[in-house]
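In: coordinates only, sequence not included:
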């Protein structure tokens, strides 16, 4: 049975003035998938994000996103004096959709659920400015997930995080796999976790190549050791559109 398509990026080209960034680039993401987009700095990752959210317009090609979206930037809010609790930060995720709640208790339930699933319910009363970098990132993830988006895009989500904070964040995101489509954008070309379904690689070709995943022994020197069950990117295996949808 074919799976629903959450994101379809079809034969897209884009240039900044006379500098070509993407040429006839295509990829698609199925609903509920956990996908990584990797590529070195300057490869066009930020441009893809802007195109996905309508901040830039392709010179040709089509982009379609099915369902609501949420985006978490790699740059966290910098105002260290703003007095807001973790609970308040998460509640901000519902500001645009509060009218859909007929009762305050429903909104409170969604906020509580987001806090619990991201593992920060015990610090909900603390000031956001007092948190560690990893805790702040999870609070922002909780804020995004409280609104129950169909697509969550995270740009360099583990920037300046220690290994323990990274592990907790990916465990949080992994819990949403299947119910929320997750796209992680990173310059780490070796990025892989046990949750990753596919990897989209950007490089000098100005195209986007989709690669599959396979399970490997945890002793492999070519994997990241975030989890007991690890995977690696099959860089020599191109996934056609038909095969990908089987």
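Out: Looks like it came in fine. Not measured: the values here are computed from a predicted model.
In: all contacts plus neighbour counts: C-alpha atoms, from now on.
Out: OK.
In: quick one, helices of this structure?
Out: Ranges of helices within the chain are 45-52, 86-91, 104-117, 133-146, 163-176, 241-244, based on DSSP state H.
In: Got the domain ranges for the chain?
Out: Listed domain ranges for the chain are 1-67+151-246, 82-149 (source: automatic domain parsing).
In: So what's the gap between the first one and the chain middle?
Out: The chain centre lies 8 Å from the centre of domain 1-67+151-246; the measure is C-alpha atoms, centre = their mean, to the nearest Å.
In: switch to numbering from 564
Out: Happy to do that; since the first residue is 564 now, the last one works out to domain 564-630+714-809.
In: Tell me the bridge partners for residue 634.
Out: Beta-bridge pairing for residue 634 (DSSP bridges): residue 716.
In: wouldn't it be in contact with residue 705 here?
Out: No. With contact defined as C-alpha atoms under 8 Å, residue 634 does not count as touching residue 705 (11.7 Å).
In: residue ranges with poor pLDDT in this protein?
Out: Within the chain, the segments meeting pLDDT under 70 span 564-565, 639-643, 659-667, 753, 776-809.
In: where do the strands sit along it?
Out: Remark: strands assigned in the chain by DSSP state E are 568-579, 582-593, 597-601, 623-628, 632-635, 714-718, 744-749, 761-765, 771-779, 793-801.
In: same for the third one, what does it pack against?
Out: In terms of contacts (3 or more C-alpha pairs under 8 Å, 6 or more residues apart in numbering; DSSP states H and E), strand 597-601 is packed against strand 744-749, strand 761-765.
In: Show me the one of those strands that comes nearest residue 647.
Out: Across the helices and strands packed on strand 597-601, residue 647 has its closest neighbour in strand 744-749 (27.2 Å, C-alpha to C-alpha).
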